[in-house]
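*Asks:* Okay, here's the prediction I keep looking at, along with the sequence it came from:
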Amino acid sequence: MNTARRAASATRATVRPLRRPALGSALVTGALLALTACGGQTAAHDGAGTDGSTSRHGGGKKVLWMGDSIAGGEAPALAAAAKAAGLRFKDASSTGGGTVVAGQGPTKQIAAHTWKRLSKDIAAFHPDVIAYQITTYDWDTEAGQRHAYEKLGRTARNAGAELVIVSAPPFTVDDFYKPHEKAIRSAPRAARQAAARSGGKIHYFDSAELWGTDSRARRAQRSSDGIHACQQGAAAFAKWFGEKLGKQYGFAPAPPRKWAQGAWTGSGHYADLGCR
């Protein structure tokens, strides 16, 4: 493990083993049914198109998912929802890394690894959409962040893909993150700017629509570490993201009943967090 990964790993809280994995699926289903019934901000078209131009199937569109361990925890639910919607999905997230912003300290090494892996993933997977969730390591000036996001947009275009940047959920800014709080706060603004300047080639999805902005609030659905999500949060995100993606690219996401109770709920991501 290199210096950058040791530094990143040091931020993770001690975790508990998964005691009752069978509960995950039932809790996820219940949570999503509650969301749909309440007509909250994530409720929308449950498997039906919003207008005549929306197809019922994703048509095999390929989505490459990038980000850090937060994105990694969302990936199992995203993969299940994508498959049910007729999309092809590849998880390229990285625990303790994943940033494309070559800014301060160890993030230069992390970003170098991310860009190298992205090149390989593009060559092997040929994505139609590259979806990048802003990481907890996008440490740089606002201008530096915007430059990195614009570079990612150019890379996507050169590969024949479009870029979607998703803001990170609210998370606890502990002693490790505190020195980088300014960069953490500016990253979403930089992403918005990159999207606004792209001529429609970069799309920005603000996940505050789902999570809100307070990591301590119930709405944020953070696990006990204050950073990651358990199965219920991951499923809520997959539902929200599928709706956003479907609206952007003209397909109807699969309803949660078709994917929320899958084997993904037993993923090791959640066991490591002590989720139930």
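*Replies:* Yes, it's here.
*Asks:* is it true that Val166 touches Phe241?
*Replies:* Yes - counting by C-beta atoms under 8 Å, Phe241 is a contact partner of Val166 at 7.1 Å. Heads up, the C-betas are built off the backbone N, CA and C, glycines and all.
*Asks:* Overlap of the contact sets of the two?
*Replies:* In terms of C-beta atoms under 8 Å, 6 or more residues apart in numbering, Val166 and Phe241 are both contacted by the residues 131, 205.
*Asks:* would you list every one of the strands in the stretch 51-200 of the chain?
*Replies:* If DSSP state E, counting those that start in this stretch is used as the criterion, the strands of the stretch 51-200 of the chain fall at 62-66, 88-91, 129-133, 162-166.
*Asks:* Contacts for the shortest one, please.
*Replies:* Taking contacts as C-beta under 8 Å, 6+ apart, the residues outside strand 88-91 that touch it are 60-65, 72, 75, 78-79, 82-83, 121, 125, 127.
*Asks:* And the residues you listed, which of them are buried?
*Replies:* Among the contacts of strand 88-91, those classed as buried by 16 or more other C-beta atoms under 10 Å are 61-65, 72, 75, 78-79, 82-83, 121, 125, 127.
*Asks:* Could you identify the most distant pair in those residues?
*Replies:* Greatest spacing in the buried ones among the contacts of strand 88-91, by C-beta to C-beta: Lys61 and Gly72 (21.6 Å).
*Asks:* could you list every residue that touches Pro170?
*Replies:* Neighbour list for Pro170: 208, 211-215, 217, 220, 222 [criterion: C-beta under 8 Å, 6+ apart].
*Asks:* how close does it sit to Ala235?
*Replies:* Pro170 is 18 Å from Ala235, where distance means C-beta to C-beta, to the nearest Å.
*Asks:* Any idea which helix or strand in this structure has the lowest mean pLDDT?
*Replies:* Ranked by mean pLDDT, DSSP states H and E, the weakest helix or strand in the chain is helix 3-9, scoring a mean of 42.
*Asks:* Count residues in the vicinity of Tyr243, would you?
*Replies:* In this structure residue 243 is Glu, not Tyr. Close neighbours of Glu243, defined as other C-beta atoms under 10 Å, add up to 20.
*Asks:* and if you look at the one 10 residues further on?
*Replies:* Counted with other C-beta under 10 Å, the burial measure for Pro253 works out to 29 neighbours.
*Asks:* Look at it and give its secondary structure.
*Replies:* Three-state call for Pro253 (DSSP: H, G, I helix; E, B strand; the rest coil): coil.
*Asks:* picking up where we left off before, among the contacts of Pro170, name the ones in helices.
*Replies:* Among the contacts of Pro170, the ones falling in helices (DSSP state H) are 208, 211.
*Asks:* Show the buried residues in the contacts of Pro170.
*Replies:* For these, a burial check counting by 16+ other C-beta under 10 Å picks out 208, 211-212, 215, 220, 222.
*Asks:* Hmm, Pro76 is touching Trp259, no?
*Replies:* No - applying C-beta under 8 Å as the test, Pro76 and Trp259 come out as separate, 10.4 Å apart.
*Asks:* Around Ala102, how many other residues sit close by?
*Replies:* 19.
*Asks:* Also Phe176?
*Replies:* When neighbours are counted by other C-beta under 10 Å, Phe176 registers 13.
*Asks:* Likewise for Lys182?
*Replies:* For Lys182, using other C-beta under 10 Å, the count is 11.
*Asks:* tell me the contacts of His228?
*Replies:* By C-beta under 8 Å, 6+ apart, His228 lies in contact with 69-70, 73, 222, 269, 273.
*Asks:* and of these, the nearest to Glu142?
*Replies:* Of the contacts of His228, the one sitting nearest to Glu142 (C-beta to C-beta) turns out to be Ile70, at 21.0 Å.
*Asks:* list the contacts for the closest one?
*Replies:* Ile70 sits next to 133, 135-136, 168-169, 171, 227-229 when contact means C-beta under 8 Å, 6+ apart.
*Asks:* Kindly reformat those as JSON lines and extend each row with pLDDT.
*Replies:* Listed next are these as JSON lines, based on pLDDT from 0 to 100:
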{"residue": "Gln133", "pLDDT": "99"}
{"residue": "Thr135", "pLDDT": "98"}
{"residue": "Thr136", "pLDDT": "97"}
{"residue": "Ala168", "pLDDT": "97"}
{"residue": "Pro169", "pLDDT": "97"}
{"residue": "Phe171", "pLDDT": "97"}
{"residue": "Ile227", "pLDDT": "96"}
{"residue": "His228", "pLDDT": "97"}
{"residue": "Ala229", "pLDDT": "96"}
